[in-house]
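Asker: sequence and predicted structure are below.
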Amino acid sequence: MRLSQFHLATVKEVPADAEIASHQLMLRAGMIRKLASGLYTWSPLGLRVLRKVEAIVREEMDRAGAIELLMPSVQPRELWEETGRWEKFGGQLLKIKDRKEQEFCYGPTHEEVITDFARNELKSYKQLPVNFYQIQTKFRDEIRPRFGVMRAREFLMKDAYSFHLSQESLAATYEAMYQAYTRIFTRLGLGFRAVQADTGAIGGNASHEFQVLADSGEDAIAFSDGSDYAANIEKAEALAPSIQRPAPSAALQLVDTPTQKTIDEVAAFLGVAPQQCVKTLLVRGRDGLVALCVRGDHEINEVKAGKLAELPGESALASEEEILALTGTRPGFLGPVGLPASVPVIVDRSAAVLADFVCGGNRDGSHYTGANWERDARVTRVEDLRKVVEGDPSPDGKGLLRMARGIEVGHVFQLGKKYAEALKASVLDDQGKSQVMSMGCYGIGVSRIVAAAIEQRHDEAGIVWPEAMAPWRVVVCVLNQRNVPEVTEAAETLYRTLCERGIETVLDDRGLRPGAMFADMELIGIPHRVVISERGVAAGSFEYRGRSDSESRTLSAEALLELLA
RNA sequence: CGGGGUAUAGCUCAGUCUGGUAGAGCGUUGCGUUUGGGACGCAAAAGUCGGGGGUUCGAAUCCCUCUGCCCCGACCA
């Protein structure tokens, strides 16, 4: 490619609404342009990168035995009614009507469509297992799109769905996908980690997220410093402390805390550590309010809380009015002592081993000191309720937990029979009996990977692409080409040679001043740069500089070709 | 959905408080000089001041209203 024939549109100024590095750099490099909130045009430059990612994903999916197909992006309401998700999916589902007032949605995911396809196509166990995938545009009407293509509303995703008669077969394909994903992210040159994930409302047996490690990531992940354990913080188990609860030694005493509502305020006021306090939250349960208690320095893990039998599948905090009606006090003074008998008291493992603790007095402006479980406060049950924190023991018993931030770029999931049952997708087994199929699903955020890579790999000058994702591997920069024909000839010759050898090369023949040209090529992150100048031509050598190198090197033609081969 | 902000040239922004001829930098076009780290000079094009309504002799500026976009929160493969 000759840059004089390409549409390169870099800009110097950072657009005002870009916050994170990848968004800023993608706009400055001219890879994307915003059309509306969460909607982006991929420019020719951006598309080259997107296609690189897509190609690697496709190769590895094919290698792993998956079969590509393509489903519609627009899907009929009736199909979504069959699984109940027309209502349950919520506001993220973009609903549209056609001219006959028939209702459709723009597909946010394709479980319904693929399962419909499977129930029509798959009749016999002999056709199983099978794994279908597509690389396709999805739309989710995110409440708050942000960070450019990192969290866009329209985005490109690879989604695969496998079908099985046995759990063993599902587990085998799941493992194959896990391996394929590892290969994909390794080939892309990304620093990533596969972490255990919560299976959410979908249920299922196993789930891993593939997280690209980056400080700007929206997900928190916990990993062990003593083993390969790693999990999304939503999933990471907080082990029960190994100590026994000490016997009560203090008397229960109500003390005035007129304006101290938060744990920090109360702890400072009373001169105790937050670890010696119990924080109580009231949430809406199936039958009235439920009390959740954690240690003062810990936080409730809403995913864990949502799984409690007493809750309706999600944890929603009670309103101030509900709390006032039940306890006669306001948030800030809640505690487990003296709650009505109708309120279940679920206590976190770490809070359950406290003795002589501080907690809310259930009346405005007071807290208890010297409170003790059983003696003063009911314990309905002890559960794992809290978010893990740095330094917690690893759930596998090896090492301590550390925290990192990640960008979720892939997710593998054993779905089980949920969708196949809802849509009656079954095949005949070897006994001639009808069996509902089990499913797995496996997603990769293709467009998000581009942003995630930049987030992980950039410097002051711009993007630093991994070789596998770069729009071109090599740029040949022509200096002062108008005045010295020999320089142009030398550049053309090198450009042709590289192209003939299958090395993806771009020739910067725009005739810009050197500074502007170098700045552009560094901004768009080309891994290898060769400068052709009068000086070099006279000496018969080439000036080479890698994107991350601090200095240029002078190379002979042979050395250069060897380096780029 | 709650709170906050913002909308002026292709981009980044002044101008709005205190009403009176529409501004700058970058980018773009032309000519010339330049050519190893985002050159310089001269000339030029470019704006329904987000939309609608109102007040006024006169509105980018004041009032009402609608909309887009951004941030924080709640939410989320």
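Answerer: Happy to help now that I have it.
Asker: low pLDDT regions in chain A?
Answerer: A:200-205 (pLDDT under 70).
Asker: OK, contacts around the most centrally placed residue in it?
Answerer: Geometric centre of chain A, nearest residue: A:E408, 1.8 Å, by Cα atoms, centre = their mean. By Cβ atoms under 8 Å, 6 or more residues apart in numbering, the contact set of A:E408 is A:E209, A:F210, A:Q211, A:G217, A:E218, A:D219, A:G445, A:R448. From N, CA and C alone the C-beta is placed, and that goes for glycine too.
Asker: secondary structure class of it, three-state.
Answerer: Taken by DSSP: H, G, I helix; E, B strand; the rest coil, the conformation at A:E408 corresponds to strand.
Asker: before we move on, the earlier item: out of the contacts of A:E408, which is nearest to RNA strand B?
Answerer: Of all these, RNA strand B sits closest to A:G445, with 3.9 Å by Cβ to the nearest atom of the strand.
Asker: related to what we said a few turns ago, the residue nearest to the centre of chain A bridge partners, please.
Answerer: A:Q211 (DSSP bridges).
Asker: cool, the one 5 residues further on as well?
Answerer: Note on A:F413: beta-bridge partners A:S207, A:C441, judged by DSSP bridges.
Asker: now A:A160
Answerer: Here A:A160, judged by DSSP bridges, has bridge partners A:Y133, A:Y442.
Asker: now swap in the one 4 residues further on and tell me
Answerer: According to DSSP bridges, the partner residues bridging A:H164 are A:S438.
Asker: ok, it - how many residues close by?
Answerer: Residues lying near A:H164 (other Cβ atoms under 10 Å) number 26.
Asker: in contact with it, which residues?
Answerer: Contacts of A:H164 (Cβ under 8 Å, 6+ apart): A:L128, A:P129, A:L170, A:T173, A:M437, A:S438, A:M439, A:G440.
Asker: report the buried members of those residues.
Answerer: Those of the contacts of A:H164 that meet the buried threshold are A:L128, A:P129, A:L170, A:T173, A:M437, A:S438, A:M439, A:G440, by 16 or more other Cβ atoms under 10 Å.
Asker: surely the first one touches A:V427?
Answerer: Yes - here A:L128 reaches A:V427: they are 6.6 Å apart, a contact under Cβ atoms under 8 Å.
Asker: can you pull the residues that touch both of those two?
Answerer: A:L122, A:L165, A:M437.
Asker: gap between the second one and RNA strand B?
Answerer: Plainly put, A:L165 is 24 Å away from RNA strand B if you go by Cβ to the nearest atom of the strand, to the nearest Å.
Asker: tally up the residues packed near that residue, please.
Answerer: Counted with other Cβ under 10 Å, A:L165 comes out at 19.
Asker: just A:S43 next, same as before
Answerer: 17.
Asker: picking that back up, which one of the buried ones among the contacts of A:H164 is nearest A:A230?
Answerer: For the buried ones among the contacts of A:H164, the residue nearest A:A230 by Cβ to Cβ is A:G440; the value is 20.7 Å.
Asker: look up how far A:Y495 lies from the closest one.
Answerer: 47 Å (Cβ to Cβ, to the nearest Å).
Asker: same question for A:A539.
Answerer: From A:A539 to A:Y495 the distance is 19 Å (Cβ to Cβ).
Asker: okay, those two: which has more neighbours?
Answerer: Using other Cβ under 10 Å as the criterion, A:A539 and A:Y495 rank with A:Y495 on top: 23 against 12.
Asker: which residues touch the helix or strand containing A:A267?
Answerer: Assigned by DSSP states H and E, A:A267 falls within helix A:263-270. Contacts to helix A:263-270, defined as Cβ under 8 Å, 6+ apart, come from residues A:255, A:257, A:259-260, A:273-274, A:276-277, A:279, A:296-297, A:358, A:367, A:369.
Asker: for stretch A:89-104, same thing?
Answerer: Counting by Cβ under 8 Å, 6+ apart, A:74-77, A:80, A:85-86, A:105-106, A:108, A:139-143 sit against stretch A:89-104.
Asker: now for those residues: which two are most distant?
Answerer: Between any two of those (Cβ to Cβ), the greatest distance is 25.1 Å, for A:P76 and A:I143.
Asker: what about those two, which has more around it?
Answerer: Applying other Cβ under 10 Å to A:P76 and A:I143 shows that A:P76 carries more neighbours, namely 17 against 8.
Asker: so what's the residue count around the closest residue to the more buried one other than its chain neighbours?
Answerer: Leaving aside its sequence neighbours, A:P76 sits nearest to A:F104 (Cβ to Cβ, 6 or more residues apart in numbering; 5.7 Å). Using other Cβ under 10 Å, A:F104 is surrounded by 19 other residues.
Asker: what helix or strand does A:F104 sit in?
Answerer: Counting by DSSP H and E, A:F104 is part of strand A:103-106.
Asker: ok, A:V57 next?
Answerer: Here A:V57 is assigned to helix A:44-63, by DSSP H and E.
Asker: now the strands for the stretch 351-500 of chain A?
Answerer: A:357-360, A:366-371, A:381-383, A:401-416, A:426-428, A:434-436, A:438-445, A:458-459, A:462-463, A:474-478 (DSSP state E, counting those that start in this stretch).
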